[in-house]
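Q: 3D, please:
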Amino acid sequence: MPLAFSNSYLKVPAVVLFASLVVTAPCFGQATATNGAPRTIMTSAHRGEHTHHPENSIPAIQGAVDAGMDYVEIDVRTTSDGQLVLMHDPSVNRMTDGKGLVKDMTLAEIKKLDLGARLPGQFPGLQVPTFDEVLEFCRGKIGIYVDTKDAAPETLVAAIERHDMGKHVMFWSEHPDFLKQIATLQPSWLLMPEAFNPQNVHKLVDTLHPQLLGADERDFNAATIAAAKEVNVGIFVDRQTEKEWQDAIDNGAVGIQTNFPAELTAYLRARGYHQ
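A: This next block holds a predicted model:
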């Protein structure tokens, strides 16, 4: 399956962003591309830059852009009236001044909440963003790494198409059936199922034909990495420290997601792995 992206409008051009997938696909374990130059590592900011901004907010996404991230990871849920909003937890309790489950609240009710409540005075009037608002904000600035918590594939795809963002979005999920539904609607869009274990890697390749696999501390291990190399599928791994970032690079990861986007960008750029 050919690469689905054309990120020419982003800070990092597509030809650079995907050099690691194109150039080093047969040799993910190497620290350099086949031409001897350091390969480019894709980057993603987990829930945006949320160490200084409310997670899953427009300011957090802007922080990811400012940090030079290639992608911003966001969590999508559905309101009681069928609208898509950003919220990691099932409820609004942790992140706002309100209480209740997202699925039981209307968009109008959610828009009344203060998303900056945990950081008094810093983000006055900050609202929970809709998926449409985020798509429009990100267009021309950064790619979107979608973690679907509660949303219908058809509704997600329709929103992305409205903003012409299909070439700049990738879908992560632990549920292959959900990703199959996305692929049925849009076969060229980028899917990133969770690897889990070597046996699952081979099963995913047979059923979904993914270009990327997600991984974290559960499954970024020698056996699962070896299975991904065997089938020439890149791994996008969650890592938080310099030691972990270097371990990811040394083990052939093509992408790193982190809670510390500015620090990750600086680390990679200092070593020639990012522009």
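
Q: local confidence estimate at Ala4?
A: Note on Ala4: pLDDT of 32.

Q: scan this protein for its longest strand.
A: For the chain, the longest strand by residue count, based on DSSP state E, is strand 71-78.

Q: need the CA coordinates for that strand. PDB is fine.
A: Output of strand 71-78 as PDB, limited to C-alpha atoms (Å, rounded to 0.1, in the frame of the first residue of the first chain):
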ATOM      1  CA  TYR A  71       1.800  15.300  14.800                       C
ATOM      2  CA  VAL A  72      -0.400  16.100  17.800                       C
ATOM      3  CA  GLU A  73      -2.200  13.200  19.500                       C
ATOM      4  CA  ILE A  74      -5.900  13.900  20.400                       C
ATOM      5  CA  ASP A  75      -8.700  12.000  22.100                       C
ATOM      6  CA  VAL A  76     -12.100  12.100  20.500                       C
ATOM      7  CA  ARG A  77     -15.500  11.500  22.100                       C
ATOM      8  CA  THR A  78     -19.100  12.000  21.100                       C
END
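
Q: show me what counts as buried in that strand.
A: Buried residues in strand 71-78, counted by 16 or more other CB atoms under 10 Å: 71-78. For every residue, glycine as well, the C-beta is placed using N, CA and C.

Q: next one: stretch 103-112
A: By neighbour count on 16+ other CB under 10 Å, the buried set for stretch 103-112 is 105, 107, 109-111.

Q: before we move on, back to that, can you give me how far the longest strand of the chain is from the chain middle?
A: With CA atoms, centre = their mean, to the nearest Å as the basis, strand 71-78 stands 8 Å off its chain's centre.

Q: and that strand, which strands flank it?
A: Paired neighbours of strand 71-78 in the sheet (DSSP bridges): strand 42-46 (parallel), strand 84-86 (antiparallel), strand 143-148 (parallel).

Q: now tabulate those strands in a markdown table and tack on mean neighbour count and mean pLDDT.
A: What follows is these, written out as a markdown table (neighbours: other CB atoms under 10 Å; pLDDT from 0 to 100):
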| stretch | mean neighbour count | mean pLDDT |
| --- | --- | --- |
| strand 42-46 | 27 | 98 |
| strand 84-86 | 25 | 99 |
| strand 143-148 | 22 | 98 |
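
Q: columns distance to Glu133 on top of these, output as a markdown table?
A: Shown next, in a markdown table, are those (distance: least, CB to CB, whole Å):
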| stretch | distance to Glu133 |
| --- | --- |
| strand 42-46 | 18 |
| strand 84-86 | 9 |
| strand 143-148 | 12 |
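
Q: between these, which one is nearest to Val92?
A: Closest of these to Val92 is strand 84-86, at 9.4 Å (criterion: CB to CB).

Q: give the next helix or strand downstream of the closest one.
A: Note on strand 84-86: by DSSP states H and E, the next helix or strand toward the C-terminus is helix 107-111.

Q: in whatever helix or strand comes next after that following helix, what counts as buried?
A: Downstream of helix 107-111, the next assigned helix or strand under DSSP H and E is helix 131-138. By 16+ other CB under 10 Å, the buried positions in helix 131-138 come out as 131, 133-135, 137-138.

Q: show me the contact partners of helix 131-138.
A: 58, 61-62, 72, 74, 76, 84-86, 129, 144, 151, 156, 159-160, 162-163, 165, 168 (CB atoms under 8 Å, 6 or more residues apart in numbering).
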